[in-house]
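1. below is the structure, and that's it, no one-letter string:
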């Protein structure tokens, strides 16, 4: 699933080595900032957070791999009237753990968390986070104020971690009854007085190590971090990278200590390192990083990879994918060691998800 600024594209192939078949745009001229593939049921369900300038934001679902789409008659995600807010955009769609097959989470702009108990058809606001005393002081990053990361704990249904720009990381350990800021060790360099505040960090993305689910990897607005205690504290793992600025970070779906990152030069120079198209990979939980660029463009490359435009699938070996703001999508069938082109000349890629079905 390739979400772009002008529609959703679906790319398929039967086996590794085959050419990718890329669809015409679904929801044409509609921004698709969030996509999800739910493989927990008897058949996969596709979810797309669509942003129409005429109809407003919504969530569409497909149970036939995109042959048809449906939306409920009423807006599936809406703020209650007493909040005084309206939905601007759906930034995250995240299926729950296998133990809760009908649970789907959604993150929105303005920063809020929504929960679906019917597979992503309709959602309700998680009031405990919306009513958190910190919320009035959550700021907005350059891309807006939004919850963009939702990480249910695979072994404990009571634990969920969310991240937002700006505001940082928040966790619940009691099924959403209460939420705590969890940003210890994360620097907010733009804060003039306290650069390690309780909250207010501009977190760009967080990913969970599936083999060690209490281990997390975080890309900050300057800073790359790891947590070994489910987000209670964080330490830097940026030393082996050429830059600590970037947007996405994604962990291996079952192998421990392995993650991928696409660093940019700096906040003030949002180009790839040395103007080269390269993904960085760690296999030791961030102690060291290696550049992976075989098969990627060798000419100067100036595009950006956004927070949700780098992903992995569930194949063996794992496929890794990324999409650029200039409309290219690349895939690796060997865990990032080599790359091939999936599509080019698309609208700017803003979200990406993949699965082997």
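-> Perfect, I can see it now. The structure presented is a predicted model; accordingly, all values stated were derived computationally and were not measured.
2. is it true that residue 151 touches residue 169?
-> No - with contacts defined as CB atoms under 8 Å, residue 151 does not count as touching residue 169, sitting 9.6 Å away. All C-beta spots, glycine's among them, are computed from the backbone N, C-alpha and C.
3. ok, these two, which is more surrounded?
-> Per other CB atoms under 10 Å, whichever of residue 151 and residue 169 has more neighbours is residue 169, with 28 against 21.
4. quick check: which element contains that one?
-> Assessed by DSSP states H and E, residue 169 sits inside strand 168-172.
5. pull up the pairing partners for that strand, direction included.
-> Applying DSSP bridges, strand 168-172 is found paired with strand 160-165 (antiparallel), strand 180-181 (antiparallel).
6. can you show me the helices along the chain?
-> Applying DSSP state H to the chain gives helices spanning 127-130.
7. residue contacts, the residue sitting furthest away from the middle of the chain?
-> In the chain, the residue that sits farthest from the middle, by CA atoms, centre = their mean, is residue 193; the gap is 30.2 Å. By CB atoms under 8 Å, 6 or more residues apart in numbering, residue 193 lies in contact with nothing.
8. excluding chain neighbours, give the residue nearest to residue 167 in space.
-> residue 138 (3.9 Å; CB to CB, 6 or more residues apart in numbering).
9. thought the one you found was touching residue 144?
-> No - Residue 138 lies out of contact with residue 144 (CB under 8 Å); the separation is 11.4 Å.
10. of these two, who's got more company?
-> Set side by side, residue 138 and residue 144 show more neighbours around residue 138, with 20 against 15, by other CB under 10 Å.
11. do you know the pLDDT at that one?
-> Residue 138 is assigned 95 on the pLDDT scale.
12. quick check: the gap between it and residue 187.
-> According to CB to CB, to the nearest Å, residue 138 and residue 187 sit 18 Å apart.
13. could you give the bridge partners of the nearest residue to residue 80 once chain neighbours are set aside?
-> Spatial nearest neighbour of residue 80, excluding adjacent residues (CB to CB, 6+ apart): residue 125 at 6.1 Å. Applying DSSP bridges to residue 125 gives these bridge partners: residue 114.
14. ok, residue 125 - contacts?
-> When contacts are counted by CB under 8 Å, 6+ apart, residue 125 touches 79, 80, 83, 112, 113, 114.
15. residues near residue 96, how many?
-> Neighbours around residue 96, by other CB under 10 Å: 23.
16. that one reaches residue 105, doesn't it?
-> Yes - using CB under 8 Å, residue 96 makes contact with residue 105 at a distance of 6.5 Å.
17. what sits in contact with each of the two?
-> Common contacts of residue 96 and residue 105 (CB under 8 Å, 6+ apart): residue 152.
18. hmm, back to that, and which of the contacts of residue 125 is nearest to residue 216?
-> residue 113 (17.7 Å; CB to CB).
19. the closest one: how many residues sit nearby?
-> Quick note: residue 113 (other CB under 10 Å) scores 26 neighbours.
20. could you give the backbone dihedrals for the closest residue to it other than its chain neighbours?
-> Of all residues not flanking residue 113 in the chain, residue 126 sits nearest, at 4.3 Å (CB to CB, 6+ apart). Main-chain dihedrals, residue 126, degrees, to the nearest 10: phi -80, psi 100.
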